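Student: pasting the sequence and the predicted model now:
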Amino acid sequence: MGFLNKILGKKERNEAPILPAPYSHVVLLPRWESVEEMGNEEKIAGYTCESCQESFSPEAGRELQKLEADRFRREMTRGAES
Ligand SMILES: [Zn+2]
C-alpha cells in the first residue's frame, strides 16, 4: 500500500487533485511499445486511464487494477447480501 500512496500523494502535490479517490481510474488501457508486442501481457509498457488520460507505469497500473478488482468484488458481495 505504501507504494501506491506514495505515487498518489506525490501526484496530488504536483497538480490539482481532479479525482476524489484512487479508485477513480476504473478503465486502464494497456499500451505497448511496438505493434508486434501488442497483446503480450509481459510486454505492457504502461497503462492509460480511459476517463482522464492519465498515464501509469506497468506496476502502478497493475496495482490500480488490483484495487479496482477488490473494490468490485466487495461491492458484488455487498449486493448479494442485501
Ligand atoms: Zn483516471
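Tutor: Arrived safely. Numbering: from 1, shown residues only.
Student: state the mean pLDDT of the lengthiest helix in the chain.
Tutor: With DSSP state H setting the assignment, residue counts place helix 58-81 as the longest helix in the chain. Mean per-residue pLDDT for helix 58-81: 88.
Student: repeat that for stretch 36-52.
Tutor: On average, stretch 36-52 scores 94.
Student: coming back round to it: how about the longest helix of the chain against the ion, any contact?
Tutor: No: applying CB under 5 Å from the ion, one finds helix 58-81 out of contact with the ion, separated by at least 8.7 Å. For the C-beta atoms, the positions are set from N, CA and C on the backbone; glycine is no exception.
Student: thought residue 60 was touching residue 44?
Tutor: No: in this structure residue 60 lies outside contact range of residue 44 using CB atoms under 8 Å: 11.7 Å.
Student: which residue is the nearest non-sequential neighbour of residue 37?
Tutor: residue 43 (3.9 Å; CB to CB, 6 or more residues apart in numbering).
Student: around the ion, pick out the residues from this structure.
Tutor: Counting by CB under 5 Å from the ion, the chain sits next to the ion at 25, 49, 51-52, 54.
Student: try 6 Å
Tutor: 24-25, 49, 51-52, 54 (CB under 6 Å from the ion).
Student: would you mind giving the residues you listed as TSV with distance to residue 34 and secondary structure added?
Tutor: Output for those, formatted as TSV (distance: CB to CB, whole Å; DSSP: H, G, I helix; E, B strand; the rest coil):
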residue	distance to residue 34	secondary structure
24	30	helix
25	25	coil
49	22	strand
51	26	coil
52	25	coil
54	23	coil
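Student: tell me the helices and strands packed up against the longest helix of the chain.
Tutor: helix 2-14, strand 28-32, strand 44-49 (3 or more CB pairs under 8 Å, 6 or more residues apart in numbering; DSSP states H and E).
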